[in-house]
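Chemist: quick one: sequence and predicted model below, then my questions.
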Amino acid sequence: MLGFLLARAGIDVLVLEKHGDFLRDFRGDTIHPSTLEILDELGLAERFLALPHSRTSAFTLRTSRGAAFSASFDGLPTRYPFVAFVPQWDFLNFITAEARRYPGFRLLMNAEVTDVLRDGEAVGGLRYRTNGAARDAHALLTVGADGRGSRTRGAVGLPGVSASPPMDVFWFRLPRRPGDPTGAQAMIGPGHFIAMLDRGDYWQVGYTIGKGQADAVRASGLEMFRRSLGSLVPLFADRTGELRDWEQIRLLTVRADRLTRWYAPGFLAIGDAAHAMSPVAGVGINVAIQDAVVAANVLWRPLRQGEVSVRDLAAVQRRRQMTVRATQAMQAFMQRQLLARNLQSGRLPVIPGLLRVAGRLPALRTVLPRLVALGINRPHVECPEVAPVDQ
Ligand SMILES: Cc1cc2nc3c(=O)[nH]c(=O)nc-3n(C[C@H](O)[C@H](O)[C@H](O)COP(=O)(O)OP(=O)(O)OC[C@H]3O[C@@H](n4cnc5c(N)ncnc54)[C@H](O)[C@@H]3O)c2cc1C
């Protein structure tokens, strides 16, 4: 996204991607209203929403004891009061195709970054491997947008702090059947939290377990897992047999961390590389995209002028860090209140009561969807556009 925005502003950009394509296991595909608004500002929303996708404008949280809390995006101040579910590879193929319309954009696939290049005290580019050969790419500015296992931030040695989310998540698909409810659902049962995302003809299911318990769950057998799922979510009791192999069930080791400094001379980390997000509320993609928008807003002019100072890079962090910290704090709160005690003790002491109270509080029914949909502080696109090559 940052590559797209900078190329659109007339900057030469080289994006290095270690894989040969963007096809990857499920790692979230929720495009929230905040991102749809950004795409709208860029004139891309209509083309983007022409991609095959499903939508949800409401979410429901239930407990196995029958309490429920529902909230809807209807009435939020946005042209797009829904979450669009678009596989990440479709989003990335879309945005890179749009970026190629600008003369400065270059994307190199199968190019794995192995180290940063030094230019005195500063970072001066990247060393990468492609087709078995080591290559160097020199750059005025190097951006680490290489995700939560970021090689670049490690190579630069930026300081950070990490939290310990209490859970890991098994992700898998189950078919949807006629008469199933629609929209995003979540079920809290003793010892578990199950997220169910309506993806049209299937459910994308996140089955939360206590941190580090994956091996124990696998050791007790697939049949036990299927039975537990069917009893926690009666809707699935007729289809748990579709899970025939642990290969269908992927483990996400949940991490949450953030750098205390996102930059060094010549280098900036953004997205999960700067702050790995927990999957709670499915906001990581949207927060990463907002980082890209702010980075482009701040940096396009210094880049055009050929000089990016540490102050410019610090300004990106300054504009984003409160939002990131507040979002992570909200995720940690939800993890503690809804998950930690439940996952550890297998009891549901207060949640049904809390949900009933929450359901009666109109403010919560409005504030929560608004936070999830629009984020805490949505940036606007402020950088200019040069003429695309196809105009
Ligand atoms: C299972 C799972 C479920 C999730 N669910 C959701 C969800 O529902 N909604 C949501 O908003 N977020 C979700 N997230 C979080 C979301 O995926 C991330 O927050 C988001 O993708 C961060 O974007 P990013 O661009 O910073 O990093 P990434 O999306 O991780 O992208 C990093 C890119 O860098 C490439 N790369 C890495 N190392 C190198 C290297 N050395 N050289 C070259 N290229 C490299 C990778 O191949 C990748 O393409 C989920 C995450 C996981 C793992």
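Modeler: Noted; the coordinates are in hand. Please read these numbers as outputs of a predicted model, since none were measured by experiment. Numbers count the residues shown, from 1 in each chain.

Chemist: which residues of the protein lie near the ligand?
Modeler: Listed as neighbours of the ligand in the chain under the rule C-beta under 6 Å from any ligand atom: 16-19, 26-28, 30, 112-113, 145-147, 151, 171, 252, 271-273, 277, 279, 282-286, 288. From N, CA and C alone the C-beta is placed, and that goes for glycine too.

Chemist: 5 Å - rerun?
Modeler: Within the chain, the positions near the ligand by C-beta under 5 Å from any ligand atom are 16, 18, 27-28, 30, 112-113, 146-147, 151, 252, 271-272, 277, 279, 282, 284-285, 288.

Chemist: select only the buried ones of those residues in ChimeraX?
Modeler: Buried members of those, defined by 16 or more other C-beta atoms under 10 Å, are picked up in ChimeraX with:
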select :16,18,27,28,30,113,146,151,252,271,272,277,279,282,284,285,288
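
Chemist: keep only those of the residues of the chain next to the ligand that are in helices.
Modeler: Residues from the residues of the chain next to the ligand lying in helices, with DSSP state H as the criterion: Arg151, Gly284, Ile285, Ala288.

Chemist: Pro159: which of those is nearest?
Modeler: Nearest to Pro159 among these is Arg151, at 16.8 Å by C-beta to C-beta.

Chemist: wait, the closest one sits on Tyr128?
Modeler: No - assessed by C-beta atoms under 8 Å, Arg151 is found out of contact with Tyr128, at 9.9 Å.

Chemist: overlap in contacts of those two?
Modeler: Shared contacts of Arg151 and Tyr128, defined by C-beta atoms under 8 Å, 6 or more residues apart in numbering, are found at Val113, Thr114.

Chemist: about what we covered before: looking at the residues of the chain next to the ligand, which are in strands?
Modeler: Leu16, Thr30, Glu112, Val113, Leu252 (DSSP state E).

Chemist: got a markdown table for those, with pLDDT too?
Modeler: Formatted as a markdown table, these follow (pLDDT from 0 to 100):
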| residue | pLDDT |
| --- | --- |
| Leu16 | 98 |
| Thr30 | 88 |
| Glu112 | 98 |
| Val113 | 98 |
| Leu252 | 88 |
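
Chemist: closest to Pro175 out of the ones in helices among the residues of the chain next to the ligand?
Modeler: Closest approach to Pro175 among these (C-beta to C-beta): Ile285, at 25.2 Å.

Chemist: please name the spatially closest residue to the closest one (chain neighbours excluded).
Modeler: Leaving aside its sequence neighbours, Ile285 sits nearest to Gly28 (C-beta to C-beta, 6 or more residues apart in numbering; 5.8 Å).

Chemist: what helices and strands are in contact with the helix ranked longest in the chain?
Modeler: In the chain, with assignment by DSSP H, the single longest helix is helix 310-334. Contact here means 3 or more C-beta pairs under 8 Å, 6 or more residues apart in numbering; DSSP states H and E; on that basis helix 310-334 packs against strand 256-259, strand 263-264, strand 267-269, helix 284-305.

Chemist: what does it contact?
Modeler: Residues contacting helix 310-334 (C-beta under 8 Å, 6+ apart): 163, 165, 256, 258, 261-265, 267-268, 270, 274-275, 277-278, 280-281, 283, 287, 290-291, 294-295, 298-299, 302, 371, 375-377, 379.

Chemist: and the residues you listed, which are buried?
Modeler: Neighbour-count burial (16+ other C-beta under 10 Å) is assigned, among the contacts of helix 310-334, to 163, 165, 256, 258, 262-264, 267-268, 270, 274-275, 277-278, 280-281, 283, 287, 290-291, 294-295, 298-299, 302, 375-376, 379.

Chemist: flag the shaky bits of the stretch 201-350 of the chain, pLDDT-wise.
Modeler: 338-350 (pLDDT under 70).

Chemist: ok, 50 please
Modeler: 349 (pLDDT under 50).

Chemist: quick one: average pLDDT of the host helix or strand of Phe94?
Modeler: Per DSSP states H and E: Phe94 is located in helix 88-99. Per-residue pLDDT over helix 88-99 has a mean of 95.

Chemist: next, the buried residues of it.
Modeler: Gln88, Asp90, Phe91, Leu92, Phe94, Ile95, Thr96, Glu98, Ala99.

Chemist: how about stretch 14-29?
Modeler: For stretch 14-29, a neighbour-count test (16+ other C-beta under 10 Å) marks Leu14, Val15, Leu16, Glu17, Lys18, Phe22, Phe26, Arg27, Gly28, Asp29 as buried.

Chemist: which one of these is nearest the ligand?
Modeler: The nearest member of these to the ligand, counting by C-beta to the nearest ligand atom, is Gly28 at 1.9 Å.
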